[in-house]
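Trainee: from the sequence below, what's the structure:
(4 chains)
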Number of protein chains: 2
Amino acid sequence: MPKDTAILDAALDLFETLSYGSTPVPLVAERAGVGAGTIYRYFPGKEGVVNALYQRWKQALAAAVVDGLDRSQPAALIFEGIWRRLCGFATANPAAFAFLETHHHGPYLDAGSRGIATDLDRSMAGLLAEWQRAGSVRAGDPQLLVAQVYGGLVGVTRAYRDRGTELPPDLADQTIEGAWNLLASPSNRRRS
Amino acid sequence: MPKDTAILDAALDLFETLSYGSTPVPLVAERAGVGAGTIYRYFPGKEGVVNALYQRWKQALAAAVVDGLDRSQPAALIFEGIWRRLCGFATANPAAFAFLETHHHGPYLDAGSRGIATDLDRSMAGLLAEWQRAGSVRAGDPQLLVAQVYGGLVGVTRAYRDRGTELPPDLADQTIEGAWNLLASPSNRRRS
DNA sequence: GCATACGGAATGAATGTTCATTCCGCAACG
DNA sequence: CGTTGCGGAATGAACATTCATTCCGTATGC
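Mentor: All right, here's what the predicted structure looks like:
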């Protein structure tokens, strides 16, 4: 494994269990199987590591969600697709998903990291706004609706984590009905 | 203001903006208007401060939500009451609400702090389970349903915070329809 | 094909800084 | 005066970062 990847993987693990502030850089190095100084060959410092980590995964998440969306389908179907990808991503990369969440606010994140985050939010809000115009999603500030559904998924993954259980493969099935009904206008709600 | 309260208030502010790990104790002291040593007269140490802070506010939240619930009302009405109190609490104490969220996972929280948190979760899940038996809430693990609705509220408050805006007084009105529809069984959904 | 020399990547002990905590002297009250 | 509560400089540990050194793969000369 390339050293920079080894470093990022080790950092992900440790930042998640110890929190960023309480993780010593030398410990990251040890876990990554490199010397402490090596980290500074690949990153400008500890903050550089968090930001690289954040951007790497946020971009991966954005790609996983957006890539190959067929925008011509009905809203409920597109939403289902997005939701499944989101859940798939969280299940496949639970530590990374939790990391993105926990560090959303971090004062050490730079403009680049924040930018990626808001781009994704905005493009989701744009989609919702379309659907509102088409009458399939209920009224309300689209950004807040996005925040509310997405927050729900975050809450569920956190609950599993607190419980010490892995995310189940049918996470999407368990949560999609609620998620869609939170968004849908009355006539578009799911019956099942 | 009593010194211990001043210390907790200062810590709340700083932990929220700088994160726990990066907040120096002497800075908390300065902000609280006390000497650095004084903190150690009131708390066993920095961890003692976070835990006192967490417990203080989690208890306040629990009290705000549960106190004086009339369990004989229909589910939708009880839920509305709870949701309004929750939103009221978040609006009245935005920093504390955010703090409780951000530090839910903190490795520095002790058993006492975690205990309060899970008690509240469990009592909410119990309520939901009752409603499921009565047919007003859809099927599914009640703990996960709680996590999903509550996560939604957290997401919304976070969105406002990211935006730099205060939480609006009508937060509950903006979010309750979605929240209830996420939970409700088909026949109990809101039309409005 | 072998020996030698070179460059840059990697290392980890050393450095200076930052921080949680302590402790001693002062002040306020009785 | 004694006692109690407080302040903030002093302390020592832990940390992020640096840098003199080692190490290794490749090139060069024989």
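Trainee: count the neighbours of A:Ala32 for me.
Mentor: Around A:Ala32 there are 22 other residues, counting by other CB atoms under 10 Å in any protein chain shown. Heads up, the C-betas are built off the backbone N, CA and C, glycines and all.
Trainee: that one against A:Met1, yeah?
Mentor: No: with contact defined as CB atoms under 8 Å, A:Ala32 does not count as touching A:Met1 (9.1 Å).
Trainee: what is in contact with the two at once?
Mentor: Common contacts of A:Ala32 and A:Met1 (CB atoms under 8 Å, 6 or more residues apart in numbering or on different chains): A:Asp9.
Trainee: how is chain A divided into domains?
Mentor: Recorded structural domains for chain A (assignment: automatic domain parsing) are A:1-43, A:46-186.
Trainee: how far is the shortest one from where the chain is centred?
Mentor: Distance of domain A:1-43 from the chain centroid (CA atoms, centre = their mean, to the nearest Å) equals 21 Å.
Trainee: okay, now whichever residue of chain A sits closest to DNA strand C: neighbour count?
Mentor: As assessed by CB to the nearest atom of the strand, DNA strand C sits closest to A:Gly37 within chain A, at 1.6 Å. A:Gly37 sits with 9 neighbouring residues when counted by other CB under 10 Å.
Trainee: how close does it get to A:Lys3?
Mentor: Going from A:Gly37 to A:Lys3 by CB to CB, to the nearest Å gives 12 Å.
Trainee: just A:Ser123 next, same as before
Mentor: Counting by CB to CB, the gap between A:Ser123 and A:Lys3 amounts to 34 Å.
Trainee: what about stretch A:163-178, average pLDDT?
Mentor: Stretch A:163-178 carries an average pLDDT of 96.
Trainee: ok, back up a step: before we move on, what SS does the residue of chain A closest to DNA strand C have?
Mentor: helix (DSSP: H, G, I helix; E, B strand; the rest coil).
Trainee: weakest of the domains of chain A in terms of mean pLDDT?
Mentor: For the domains of chain A, mean pLDDT drops lowest on domain A:1-43, to a mean of 90.
Trainee: check whether that one comes near DNA strand D.
Mentor: Yes: counting by CB under 7 Å from any atom of the strand, DNA strand D is contacted by domain A:1-43 at A:Ser22, A:Thr23, A:Pro24, A:Val25, A:Pro26, A:Ala36, A:Gly37, A:Tyr40.
Trainee: what does the residue nearest to the spatial centre of chain A show for phi and psi?
Mentor: Nearest to the mean C-alpha position of chain A, counting by CA atoms, centre = their mean, stands A:Phe97 at 4.8 Å. With angles defined as degrees, to the nearest 10, A:Phe97 sits at phi -60, psi -40.
Trainee: where along chain A do the helices fall?
Mentor: A:3-18, A:25-32, A:36-42, A:46-66, A:75-92, A:94-102, A:111-133, A:142-163, A:171-183 (DSSP state H).
Trainee: want to throw those helices into TSV with distance to B:Asp9?
Mentor: Shown next, in TSV, are those (distance: least, CB to CB, whole Å):
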stretch	distance to B:Asp9
helix A:3-18	27
helix A:25-32	33
helix A:36-42	38
helix A:46-66	29
helix A:75-92	36
helix A:94-102	24
helix A:111-133	28
helix A:142-163	27
helix A:171-183	35
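Trainee: so which of those helices is the most surrounded?
Mentor: Mean neighbours per residue, mean count of other CB atoms under 10 Å in any protein chain shown, is largest over the helices of chain A for helix A:142-163, with a mean of 23.
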